[in-house]
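# how would this look folded up:
(one chain, ligands or ions: 1)
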Amino acid sequence: MYKVAIIMGSDSDLPVMKDCAKMLGKFGIEYDVKVISAHRTPQAAEDFAKNARKNGYGVIIAAAGKAAHLAGVIASMTTLPVIGVPIKTSMMGGLDSLLSTVQMPKGIPVATVAVDGADNAAILAAQIMAVYDETLAEKLASHKANMVAEIEAKNNTIDEKLKEMI
Ligand code: RP5
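Predicted coordinates:
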């Protein structure tokens, strides 16, 4: 199976991105984690992107905050799918990161998840890799089934909870 690369602009993104690693682990997907910055280490970004396919990655997850160009810059130098995770910021709440990740010009797509959407980035990566992997597809189906059960349980207790609140 291909590996997933989780890259982030700074180690300050790790408290959010640890959830991505955790979710990939649940699906049994191998991953590497790296700090690579489009602005602070542009050469490392280029080297990583240009060698990512050769290095056994199937999907790249790129998280960054503020002027968050990491996912787009990486996507410009690889044909692998790139998932962008905009990181919440103190000044603009992540709107800065969201727009600079999602608003890619025609020709260089970045599949952008929600601000701090680390879990969804992992699930989307798993779904991409499950196209040709039946075992992984079954794990994803079971994850969805668990969510159904959780929501049904919440639905069954919602009247009771409301009564306690009013
Ligand atoms: C971005 O700038 C990083 O992805 C991080 O979200 C943000 C702040 O980085 P630090 O100043 O905390 O290293 O490049």
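
# centre of the chain to the lengthiest strand in the chain, how far?
As assigned by DSSP state E, the longest strand anywhere in the chain is strand 57-65. Offset of strand 57-65 from its chain centre (CA atoms, centre = their mean, to the nearest Å): 6 Å.

# how about the following helix or strand past that strand and the ligand, touching?
The helix or strand immediately downstream of strand 57-65 is helix 70-75, counting by DSSP states H and E. No: Helix 70-75 is not in contact with the ligand by CB under 6 Å from any ligand atom; minimum separation 6.7 Å. Where C-beta positions appear, they are placed from N, C-alpha and C, glycine not excepted.

# torsion angles phi and psi at the nearest residue to Val33 once chain neighbours are set aside?
Distances taken as CB to CB, 6 or more residues apart in numbering put Ile6 closest to Val33, at 4.8 Å, once the chain neighbours are dropped. For Ile6, the backbone dihedrals are phi -110, psi 110 (criterion: degrees, to the nearest 10).

# contacts only, for Asp133.
Met1 (CB atoms under 8 Å, 6 or more residues apart in numbering).

# ignore the last one, Ala44
Each residue near Ala44 by CB under 8 Å, 6+ apart is listed here: Ile36, Ser37.

# how about 10 Å then?
Ile7, Lys34, Val35, Ile36, Ser37, Ala38 (CB atoms under 10 Å, 6 or more residues apart in numbering).

# where in the chain is pLDDT low?
Low-confidence segments of the chain (pLDDT under 70): none present.

# so Leu24 is in contact with Ala125, correct?
Yes: here Leu24 reaches Ala125: they are 6.9 Å apart, a contact under CB atoms under 10 Å.

# thanks a lot, see you next time.
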